[in-house]
Every structure is written in C-alpha cells, then in structure tokens.
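In: sequence and predicted structure, then a few things I'm wondering about:
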Amino acid sequence: MRRTTSGGPTTAEGKCDPPLVATTLADQLRTQHANICAQAAPGRAALEQIVREYLSAQHRDNPDDGCPSAALLDEIGRSRDATRQAYTDSLLVLVDEIAARLAPDDPPSARVKALSLLALLAGTLQLSRAIADRQLSDQLLEQGIHDTLALIGPEQHS
C-alpha cells in the first residue's frame, strides 16, 4: 500500500482512496470470519482449534494467505477514522462469535476478553514472523498457544 505525504492510503495511481481501503479491509475480515466459522468445531471446543491453527507454523510461514489483523494493524492504526471504523465493525463480528463461545449464557460479558484473545493471537503471530531465529519463533508460537488457552480457561458448566 502506498502512502501520501499526509500518511493516507493511496490507490496505484497515487490517489488517496480511504473508502476503497475500508471496503477491502472489511471484505477481508468477513472472509476470515466465514472461514473460521465454517471450519471450526461447534461450541467452545472451537476456540482451541482456532488458537492452534492461528498460531501454527503454516500460518506464520504464509503471510499472504493470513490474517489481515496480523498483517495490517500498524497501518490500520494510522489510517483515517472511516478505515478504523470499518475495521472495528468487521472485527467485532468475529469478537462476538468468540465471546459467544466463551460465555454462551452472557456473550457481552466476554467481549473484552475475546478482544484480548485476538490481541494475543495477532501479536504473537506478528512477532513470530519477524524473528529470524526459526527455533525461537517456533517456541514463541508454542508459548502463545499455551498462554492463549490459559486465558480461555476451562469450560464452565452451569
């Protein structure tokens, strides 16, 4: 993505086009959500499956097919309000899906925890991609899986 002197995203012709960026980002997040939900087991069991697939060496080693959050968070944070709002709206669909699996009886109570889980996943993936030492990167992915599953905690039965 090219940037103008003011820092805004641009088209290939060098013209600033925040609506195009926002739409593309929202589409990528919708696709990610659909893929996660289509492949995940039902209920809370899906959370461990999602964590293990997200923090896999295969996901780390294929950034072009990966998560838009892990690839673009720093750019999104510097984007205009419309782009950040499009990202937020689309991300919250996935967050609410995770929250519903964390707390089926009261999903809104788990929304911030779901956001924290996604932050841990994206940050771990970003850092594992940036580390040149493959063994250390693999260890980071394993630790990220451990830490994320600990944050999820055991299933609570009513």
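Out: Right, received. Where do you want to start? Numbers count the residues shown, from 1 in each chain.

In: leaving out the residues flanking it, which one is nearest to Gly66?
Out: Spatial nearest neighbour of Gly66, chain neighbours left out: His59 (5.6 Å); criterion: Cβ to Cβ, 6 or more residues apart in numbering. Placement of C-beta: from N, CA and C, glycine included.

In: and for the one you found, the neighbour number?
Out: Neighbourhood size, His59 [other Cβ atoms under 10 Å]: 20.

In: what helix or strand is the spatially most central residue of the chain located in?
Out: In the chain, the residue lying closest to the centroid (Cα atoms, centre = their mean) is Ser69, at 4.5 Å. Assigned by DSSP states H and E, Ser69 falls within helix 68-77.

In: check the offset of that helix from the chain's centre.
Out: 9 Å (Cα atoms, centre = their mean, to the nearest Å).

In: quick one, phi psi at the closest residue to Leu120 other than its chain neighbours?
Out: Leaving out its chain neighbours, the residue that sits closest to Leu120 by Cβ to Cβ, 6+ apart is Thr148, at 5.3 Å. Main-chain dihedrals, Thr148, degrees, to the nearest 10: phi -70, psi -40.

In: for Thr148, give its distance to Leu125.
Out: As defined by Cβ to Cβ, to the nearest Å, Thr148 lies at a distance of 11 Å from Leu125.

In: list residues touching both of the two?
Out: Taking Cβ atoms under 8 Å, 6 or more residues apart in numbering as the criterion, Thr148 and Leu125 both touch Leu55.

In: so Ile131 makes contact with Gln139?
Out: No. The pair Ile131 / Gln139 is not scored as a contact, 9.4 Å apart, by Cβ atoms under 8 Å.

In: follow-up on the earlier one: confirm for me that the residue nearest to Leu120 is in contact with Gly123.
Out: No. Using Cβ under 8 Å, Thr148 makes no contact with Gly123, being 10.6 Å away.
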